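Asks: Need coordinates for the following:
(one chain, ligands or ions: 1)
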Amino acid sequence: MLGRKKKSEFSGEEVIAEFERLTLDAAAVQRETLRRILDENAAVEYLQRLGLAGRTDADAFRACVPLATHGDLEPYIGRVADGDTSPVLTAKPITSISLSSGTTQGKRKYLPFNDDLFKLTMLVYRTSFAFRNRAFPVDDGKALQFVYGSRPFTTKGGLTATTATTNLYRNEEYKAAVRDIQLPCCSPEEVIFGPDFAESLYCHLLCGLLFAAEVRTVFAMFGHNLALAFETLEQVWQELCHDIRRGVPSPARVADPAVRRAVSALLAPNPALADEVARRCAGLTNWYGVIPALWPNAKYVHTIVTGSMEHYVRKLRHYAGGLPLVAMDYGASEGMVGANVEPEMPPESATFTVLPNIAYFEFIPLKTSDGGDACPVTSYAEAEPVGLTEVTVGEHYEVVMTTFAGLYRYRLGDVVKVAGFHNSTPKLKFVCRGMLTLSINVDKNSEQDVQLAVDSAAKILATAERLEVLDYTSHADVSSDPGHYVIFWELSAAEADDDVLQNCCDELDRGFVDAGYVSSRKTNAIGPLELRVLQPGTFQKVMDHYLSLGAPVNQFKMPRCVAGSNSSVLRILSSSTVKVLFSTAYG
Ligand code: AMP
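Replies: Modelled structure (predicted):
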């Protein structure tokens, strides 16, 4: 086993024992973590200005340092990016900038990255690996990984700016750090860092098939990328077989010279493998179980399947056949939050256990409007944050982090629910990105509210038509009076019965249960919900659009609400609309 073989360097049981020890008195570990962060950074400009004067206790910290959003810290981070080497936010140097995904807030945020962040991220990865490998031991072999490095650029001040994952990959210690906890990727680095996403994806599939017998795990950072990979396989499997048969990558699919060279070096004419892959693909029904069919020694599929990725779980389960889907850890460009230490849990019940030594955490209590699981969106500015060990099971909170990389009382914006405790540290269920998604007047709906409405309407479609909602987004259309919600759906087949779609549209309208929405609908202050069915391939075009603007593939999250100002995406959606229905749910 991977963990066992490298015992001298990595012992899963020791990592687990250390985790158990750390979580026994999480409050004490948090106090010490805060002390270390503040002691190390006592002289930085940000804390000096706020008058902390070298104090390192939680009371002084909370009294002097206000909660901050990215907007509040942006001028400081901007100075660091522009080359200010004085201790602005951290005493130790910021070694590079991480670019957070910009698809939810319209622009990409700059965030500081340093060696501490690297080490703490690896600690979370090692912890979850120790538990994962105990539950699903993997032999030596390879990982079929759909990973994509982003091309870095240099800031005005000479710092490298790229995605947080690329910052990890680029760290000199990364290869040594992951050797014990990650199987080698089937694809060469040229593929991971290739210039074209579609080309890299094709090559990942090709290399994965070449090493099929050795593949033990299948991975992508976000579930969306994994679903896309196997949807692509459905389209290109014959070309892949052709390439394997001839021992040459298709010139139309693999054009970049470096990528071609690297992939060609792995290929040799192999008609037997090509026949085998073709036979297995042809033997599948609707691609159910394609992963175990083509990669028979794979033990599990590992990816983010929580939050906005939950939509892809059904599809991934379909591709995975009986293989377990293991939820990937919870973190952000700002820093890691929690590890999945219960890998056997299905994605719907996955939780993330906070490691109390990776940052200092606070939680802003949020009121739920209906007491249920719906994402709470009531105003929570005045609620007093509580400490890591002071949270209550069943309650919702916004995560606030103080990190070793210069973020102090930083509002991450994510909403989590406390599912329980592991020793004295909380296990968090990821609920949603905190910000409001759909709103016209007094109505407030989060990303998760949209997802719940879509899930419930999609069930009608699945039952009546055996069709799936492949992807979706929403828009608050205020161009006419009254404004109304528009839901965009791409379905697994172009044709669907009009009556069934009308039922879905009504169910979507009823699915928004927020009191502000329901009352506005009843008084027609919000008009009937509009369901737009899109041409196949529309969301691929939306993704291509974001990628063309520089959005990183690895971090890409389909926006669940498109703002009115985002005219290019609205144009793609409108020009691809094949059917329009209006709800009759409110008479
Ligand atoms: P980025 O800003 O690109 O680093 O993305 C970080 C964000 O992705 C987090 O703040 C979450 O909203 C989301 N995210 C990260 N990990 C998970 C997870 N395991 N489940 C759900 N959402 C996640």
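Asks: and the residue nearest to Leu531 when sequence neighbours are not counted, which of the three is it?
Replies: Spatial nearest neighbour of Leu531, chain neighbours left out: Cys505 (3.9 Å); criterion: CB to CB, 6 or more residues apart in numbering. For every residue, glycine as well, the C-beta is placed using N, CA and C. Of the three states, Cys505 takes helix according to DSSP: H, G, I helix; E, B strand; the rest coil.
Asks: show me the contacts for Cys505.
Replies: Ala457, Leu529, Glu530, Leu531, Leu581, Phe582, Ser583, Thr584, Ala585 (CB atoms under 8 Å, 6 or more residues apart in numbering).
Asks: per-residue confidence at it?
Replies: On the pLDDT scale, Cys505 is placed at 98.
Asks: circling back: mind checking which of the contacts of Cys505 land in strands?
Replies: In strands, defined here by DSSP state E, the members of the contacts of Cys505 are Glu530, Leu531, Leu581, Phe582.
Asks: The closest residue to the first one other than its chain neighbours bridge partners, please.
Replies: So that's Glu530. In space, and not counting its chain neighbours, Glu530 is closest to Val486: 4.6 Å by CB to CB, 6+ apart. Legend: beta-bridge partners of Val486 under DSSP bridges are His475, Glu530.
Asks: what does the one 5 residues further on give?
Replies: Under the criterion DSSP bridges, Leu491 forms beta bridges with Val469.
Asks: ok, it - how many residues close by?
Replies: Using other CB atoms under 10 Å, Leu491 has 24 other residues around it.
Asks: Quick one: list the elements packing against the helix or strand containing Glu18.
Replies: In this structure, Glu18 sits in helix 12-24 according to DSSP states H and E. With contacts defined as 3 or more CB pairs under 8 Å, 6 or more residues apart in numbering; DSSP states H and E, the secondary structure elements packing on helix 12-24 are helix 115-135.
Asks: What about the residue of the stretch 151-300 of the chain found nearest the ligand, how many residues nearby?
Replies: When scored by CB to the nearest ligand atom, the stretch 151-300 of the chain has Ala164 as its residue closest to the ligand, at 5.4 Å. Burial measure for Ala164: 28 neighbouring residues, criterion other CB under 10 Å.
Asks: I figured it hits Phe113, correct?
Replies: Yes: taking contact to mean CB atoms under 8 Å, the distance of 6.8 Å between Ala164 and Phe113 places them in contact.
Asks: anything in contact with each of the two?
Replies: Counting by CB under 8 Å, 6+ apart, the shared contacts of Ala164 and Phe113 are Ser98, Ser333.
Asks: Contact residues of the stretch 351-500 of the chain facing the ligand?
Replies: Leu412, Asp414, Phe430, Arg433 (CB under 6 Å from any ligand atom).
Asks: Could you dump those into a markdown table and include secondary structure, neighbour count and pLDDT?
Replies: Converted to a markdown table, these look like this (DSSP: H, G, I helix; E, B strand; the rest coil; neighbours: other CB atoms under 10 Å; pLDDT from 0 to 100):
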| residue | secondary structure | neighbour count | pLDDT |
| --- | --- | --- | --- |
| Leu412 | strand | 21 | 92 |
| Asp414 | strand | 20 | 90 |
| Phe430 | strand | 24 | 93 |
| Arg433 | strand | 21 | 75 |
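Asks: Pick out the most distant pair among the residues you listed.
Replies: The largest separation in these, counting by CB to CB, is between Leu412 and Phe430 at 11.1 Å.
Asks: list the residues that contact both of the two?
Replies: Joint contacts of Leu412 and Phe430 (CB under 8 Å, 6+ apart) do not exist.
Asks: that older thread, from the contacts of Cys505, pick the one nearest the ligand.
Replies: Out of those, the member with the shortest distance to the ligand (by CB to the nearest ligand atom) is Ala457, at 22.5 Å.
Asks: show me the contacts for that closest one.
Replies: Under the criterion of CB under 8 Å, 6+ apart, the contact partners of Ala457 comprise Cys504, Cys505, Glu507, Leu508, Gly511.
Asks: Tell me how many other residues crowd Phe131.
Replies: The burial count assigned to Phe131 is 21, neighbours taken as other CB under 10 Å.
Asks: For the ligand, see how far away Ala496 is.
Replies: With the distance defined as CB to the nearest ligand atom, to the nearest Å, Ala496 ends up 30 Å from the ligand.
Asks: Most neighbours out of the contacts of Ala457, which is it?
Replies: Note: the member of those with the most neighbours is Cys504, at 30 neighbours, neighbours being other CB under 10 Å.
Asks: what sits against it?
Replies: Taking CB under 8 Å, 6+ apart, we find Cys504 in contact with Ala457, Ala458, Ile460, Leu461, Leu531.
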